[in-house]
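> All I have is the shape, not the residue letters:
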């Protein structure tokens, strides 16, 4: 039986896709709203930074909440809150009372809402489908998310050009409302957890996280991988592109990664190896490929291929990781483990982005990129030293057909 045969999953997929579409439109529209208002890149950084800080600070609370309350209800509430914050920003822009403190405050609230929703959304998938199609279900969710991001980035620019920043943010609010309405169609619940103090619940989640070597080893790997990629690709990539292939070509390279991600989602839906986590971790070696090319041969054709391959690898890993967690972590603690995963994977991102520029200035861009490729390779190789990662097998049988 395929995932789309299950009504709860269809509503989840529609909600996740609509939410990701809204999340992709939001930064484009918000950036132009701030620049139209103040014209300052520093102000834009403050607004974006407020959202990021709130997300990191509250993600553990989000995981704890998602293990105590029905996750679909949490998602309805968070999408409604996101709707209201974006509607507030839209109104302030459209009616001329937007100010930097107001935009920073509403963005921080939006980041807090995202922190609460992420663990709930990730942990809800196994409640909507049987174990036999869990791998396919996660692949479909990833395909929908990538379609939402890819479409949303382009849609954001079109909406800003046609409706202005305020109108674009109003449409963004409507997308979040649509996601919330989709989540209302999900009827699965979660047995309430026994009453406990918040710190005790977080400690239970930490024990669940730390007791499995394969969990914390992969999170440690991606703490390095995500930070290095952020600095090498997001910061130094455009610098190299400016002096070699040009900005337009760099945009195509990034688009190739998105196309690869879509292809990777389709592949993950059809190919589900028994040692999925081993395969997912191993293909992360591909992350070093575009970084080496930026350092040694910044040419469009090989970078397009590398971007596509990296996108495929990211999706194969993500689906394998989600299925591994969902099959092996007790359902009543799954969201808290996801929260520690999100925190560990993202906490070093600012370090990567801030350090890239000074390192390139001191050692040179080429040397910095090659060093980044070495770190990416070393982090993945270190994760593969874990016997638990190499031997973990899928629990549920692969679907037929």
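Sure, I can see it. Keep in mind it's a predicted model, so treat the numbers as computed, not measured. Residues are numbered from 1 along each chain as shown.

> mind showing which ranges of the stretch 51-200 of the chain have poor pLDDT?
189-196 (pLDDT under 70).

> So which residues of it form helices?
Taking DSSP state H, counting those that start in this stretch to define them, one finds helices in the stretch 51-200 of the chain at 71-94, 100-128, 134-183, 198-210.

> likewise the stretch 201-350 of the chain?
213-229, 237-243, 247-270, 276-282, 288-296, 300-328, 334-346, 349-363.

> Just the buried positions in the third one, please.
The one in question is helix 247-270. 250, 253-265, 267-269 (16 or more other CB atoms under 10 Å). (Each C-beta comes from the backbone N, C-alpha and C, glycine too.)

> Next up, the contacts around residue 185.
Taking CB atoms under 8 Å, 6 or more residues apart in numbering as the contact definition, residue 185 lies against 7-8, 10-11.

> cutoff 10 Å now
Taking CB atoms under 10 Å, 6 or more residues apart in numbering, we find residue 185 in contact with 7-8, 10-12, 14-15, 72.

> still on that earlier bit, so can I have TSV of the helices of the stretch 201-350 of the chain showing distance to residue 168 and mean pLDDT?
Formatted as TSV, the entries for the helices of the stretch 201-350 of the chain read as follows, by distance: least, CB to CB, whole Å; pLDDT from 0 to 100:
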stretch	distance to residue 168	mean pLDDT
helix 213-229	28	94
helix 237-243	24	84
helix 247-270	20	85
helix 276-282	36	96
helix 288-296	31	95
helix 300-328	27	94
helix 334-346	26	89
helix 349-363	26	84
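
> Tell me which of those helices lies nearest to residue 375.
Ranking those by distance to residue 375, with CB to CB as the measure, places helix 213-229 first at 5.0 Å.

> And the closest one, what does it pack against?
Contacts defined by 3 or more CB pairs under 10 Å, 6 or more residues apart in numbering; DSSP states H and E place helix 213-229 against helix 198-210, helix 276-282, helix 288-296, helix 300-328, helix 334-346, helix 349-363, helix 365-384, helix 387-391.

> Check which helices and strands the first one is in contact with.
Yep, that's helix 198-210 we're talking about. So helix 198-210, by 3+ CB pairs under 10 Å, 6+ apart, packs with helix 41-66, helix 213-229, helix 334-346.

> Can you give me the neighbour number for residue 209?
For residue 209, the count of nearby residues is 22 (other CB atoms under 10 Å).

> ok, the closest residue to it other than its chain neighbours - how many residues close by?
Ranked by CB to CB, 6 or more residues apart in numbering and with sequence neighbours excluded, the top spatial neighbour of residue 209 is residue 340, at 4.5 Å. Residue neighbour count, defined by other CB under 10 Å, stands at 22 for residue 340.

> can you check residue 39 too?
When neighbours are counted by other CB under 10 Å, residue 39 registers 9.

> Over to residue 97?
9.

> still on that earlier bit, and of the helices of the stretch 201-350 of the chain, who's closest to residue 40?
Proximity to residue 40 (CB to CB) singles out helix 349-363 among the helices of the stretch 201-350 of the chain, at 19.1 Å.

> Okay then, goodbye and thanks.
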